[in-house]
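Enquirer: How does the following fold in three dimensions:
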Amino acid sequence: MMALIVQIFRWCVQPCRWQPKLFPLVLVLLMSWGIVLSSGALKPAVAQSTFSDLQNAWARDCIHALVQRQLMRGYGDGTFRPDAVVTRAEFASMVSNAFPALSPVRRPAAFKDVPPGYWASNAIQSAYQKGFLSGYTQDQFNPGAPIARAQALGALAAGLRYETTQPIAQTLSAFTDRTNIPGYAQTAIAAAVEHGLVVNYPHTSQLNPTQPMSRAGMAVALCRALPDLAATVPAAYVISPIAAQPQPTIQPISQSTQPTSQPATAPRTEIRGVWITNVDSAVLFDSAVLKDAVQQLAQLNFNTLYPVVWNWGYTTYPSAVAKQAIGASTDPRPIGLDGRNALAELVQQGHQHGIAVIPWFEFGFMAPEDSALAIRHPDWLTQKQDGTTVWQEGIYPRVWLNPFKPEVQQFIQDLILELVNNYNIDGIQLDDHFGLPYEFGYDDYTVQLYQRENQGKSPPTNPKDPGWVRWRADKITRFTAQLFQAIKARKNDVLLTLSPNNDDFSYNNSLQDWTTWQQQGLIEELVLQVYGDDLRTFTAQLNTPAIQTARRHIPTGVGILTGLRNRPVPMQRIREQIQAVRQQGFAGVSFFFYETLWHLAAEPERDRKAVLQSLFSSPVPRPNVIQGWTPPN
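Expert: Numbers count the residues shown, from 1 in each chain. Got it, this is the predicted structure:
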């Protein structure tokens, strides 16, 4: 049969016998034989619902469903080969076919090893533009390389725009081999777990992040990502499928269930804060909207605003420092910042209502890969051991300014002192990005600095080597001390505050040793990010020794998630978390973020405001360690 097909094909393509009408017949015969043209060669691929090697396979139902949709194919010998390795090109092809409606988030890229005639060139461009995959290097895709499980799961979560709401360290603690998860993939893997994307067979506690992704493993990941196919994967092997769990029934909050007054244990001072973002929020971009927001918060007895002033490689206020370093005095992308000073408006209106304003440096040392800052100052960037600079955060490729370089330290310090000098602000807030992912620090400058201070030795090849982690963390601590002293030299009453992750994750993954900062008196307020859903887990995060120690020395509040753009949080959960914070004697709360307090929510605005009004029934001052603050018993 095969010989006959080949003869027909040769007969058709001879110039003297060109018969285009016979080509459909030839193609049908070729496909029936299970052959497709790929990479310039003939590769087997059969789309069928039964395979000889899937009779008792654990992922059989999912694989059959994908084959019926033509999202995966088998081989010409009647096998599926579930244990075969998936390459980067094959991964790109699968996700491009499975999610055709996703919109691009990047411009096309030119990869030298993916010529226009390559079998997966269109799929690779599609996967790249949609944010599933980045290049192996700047101009190389490496399409034939196997894709590791961590890379595949992380890329799938990134392309689907999955986000985390729980502490990453807590989520990843489900895996006994969590220390093998590369730092760049940890956030995306945690998001994949939260959305029920991660399937481990046969041992559910082993992610095997560095092993190549198999065809069966890729199949079940795709099925879990496709809502109508999720149930085809055996539930016993799905890790924490939060997206598939029953969500709390959202009901109108009746007056009968609302407390009529604050609990008797409500503190005399309390942080009642909210982060003001420039993402999924229009507050900063319109003077009238900003004024109305501050007025509403004042009516609900809020006393602290944390407005973002530094992210995406730009400032949200007119900055002479940014103009000189970046070429733009404010973020030029959104409409509404040009020609006005949103921060000045916010400070004025906040203080009119007795609300403290503490500008928030959200991005710290981080910047987008394609930002003007990164492009103008490539020598400011630090590197990983392989010489690359990109750190993937969800769908966004980031780079990191080198916190050890004097030029970078001067730039960050100048931005902060610019605010201290020019605005009547109450403090400066740094967050979890005021550090460095542990994989970084292998750039020439840092390597030479380490060698000078360590008898000519090069940094350890293990990025988690305890001594190497300590050396870098201590450098960031010294810069924090320098920054603290510079702020106090200008205005002693301006607080230096921090909103970090838990101490273990901050130190080991972000080189941010905030427990030492607190012990040395370098931070004067702490707002710990605790974004868990489960009340027991939420409370457990408050009981770690480092947090308990910190709250006895400085005002220590808790960051509470009020929702994300596509994930509302029920007000009942928010109320329970506020009460738990109060019961344990913490200094207060801050909510992430303003728009989800009552706008981006499933419950009526008036009901959510009523709960906040009941919890914050009368105004109280915020604690301030400079003005005299009594630690809890």
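
Enquirer: Any idea how far apart the tips of stretch 529-537 sit?
Expert: Stretch 529-537 has its terminal residues 13 Å apart, counting by C-alpha to C-alpha, to the nearest Å.

Enquirer: Report the buried residues of that stretch.
Expert: By neighbour count on 16 or more other C-beta atoms under 10 Å, the buried set for stretch 529-537 is Gln529, Val530, Tyr531, Gly532, Asp533. For the C-beta atoms, the positions are set from N, CA and C on the backbone; glycine is no exception.

Enquirer: of all those residues, which two lie farthest apart?
Expert: Gln529 and Asp533 (14.1 Å; C-beta to C-beta).

Enquirer: quick one: low-confidence ranges for the protein?
Expert: 1-49, 136-138, 240-266, 633 (pLDDT under 70).

Enquirer: pull the longest helix from it.
Expert: Counting by DSSP state H, the longest helix found in the chain is helix 466-490.

Enquirer: contact partners of whichever helix or strand comes after that helix?
Expert: Sequence-wise, the next helix or strand downstream of helix 466-490 (DSSP states H and E) is strand 495-499. For strand 495-499, contacts defined as C-beta atoms under 8 Å, 6 or more residues apart in numbering pick out 306, 358, 360, 426-432, 434, 483-484, 487, 514, 517, 522-529, 559, 590, 624-626.

Enquirer: Paired strands for strand 495-499, with orientation please.
Expert: Here strand 495-499 has these sheet partners by DSSP bridges: strand 427-431 (parallel), strand 525-529 (parallel).

Enquirer: mind saving the C-alpha coords of that strand as CSV?
Expert: C-alpha atoms of strand 495-499 as CSV (Å, rounded to 0.1, in the frame of the first residue of the first chain):
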residue,chain,number,x,y,z
LEU,A,495,8.6,56.5,58.5
LEU,A,496,10.4,53.8,56.5
THR,A,497,7.9,50.9,56.3
LEU,A,498,7.9,47.5,54.6
SER,A,499,5.3,45.1,53.2
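
Enquirer: Check which residues of it are buried.
Expert: Leu495, Leu496, Thr497, Leu498, Ser499.

Enquirer: same check, this time on stretch 371-384
Expert: Result for stretch 371-384 [16+ other C-beta under 10 Å]: buried residues Ser371, Ala372, Leu373, Ala374, His377, Trp380, Leu381, Thr382, Gln383, Lys384.

Enquirer: Which of the three states applies to Phe51?
Expert: coil (DSSP: H, G, I helix; E, B strand; the rest coil).

Enquirer: Settle this for me: it is touching Gly78, isn't it.
Expert: Yes: proximity of Phe51 to Gly78 meets the contact threshold set by C-beta atoms under 8 Å, at 6.2 Å.

Enquirer: So those two - more neighbours on which side?
Expert: In this view Phe51 and Gly78 are compared by other C-beta atoms under 10 Å, and Phe51 has more residues nearby, 21 against 14.

Enquirer: Which residue, neighbours along the chain excluded, lies closest to the more buried one?
Expert: Phe80 (4.1 Å; C-beta to C-beta, 6 or more residues apart in numbering).

Enquirer: Quick one: residues contacting the one you found.
Expert: Each residue near Phe80 by C-beta under 8 Å, 6+ apart is listed here: Phe51, Asp53, Leu54, Ala57, Ile63, Val67, Gly74, Arg215.

Enquirer: For the last one, which residues are in contact?
Expert: The one in question is Arg215. Residues in contact with Arg215 (C-beta under 8 Å, 6+ apart) are Met72, Phe80, Arg81, Pro82, Asp83, Ala84, Val85, Val86.

Enquirer: Of the residues you listed, which qualify as buried by neighbour count?
Expert: Among those, the ones that count as buried by 16+ other C-beta under 10 Å are Met72, Phe80, Arg81, Pro82, Ala84, Val85, Val86.

Enquirer: Now render those residues as JSON lines, adding distance to Gln541 and secondary structure.
Expert: Listed next are the buried ones among the contacts of Arg215 as JSON lines, based on distance: C-beta to C-beta, whole Å; DSSP: H, G, I helix; E, B strand; the rest coil:
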{"residue": "Met72", "distance to Gln541": "40", "secondary structure": "coil"}
{"residue": "Phe80", "distance to Gln541": "44", "secondary structure": "coil"}
{"residue": "Arg81", "distance to Gln541": "44", "secondary structure": "coil"}
{"residue": "Pro82", "distance to Gln541": "39", "secondary structure": "coil"}
{"residue": "Ala84", "distance to Gln541": "42", "secondary structure": "coil"}
{"residue": "Val85", "distance to Gln541": "39", "secondary structure": "strand"}
{"residue": "Val86", "distance to Gln541": "36", "secondary structure": "coil"}
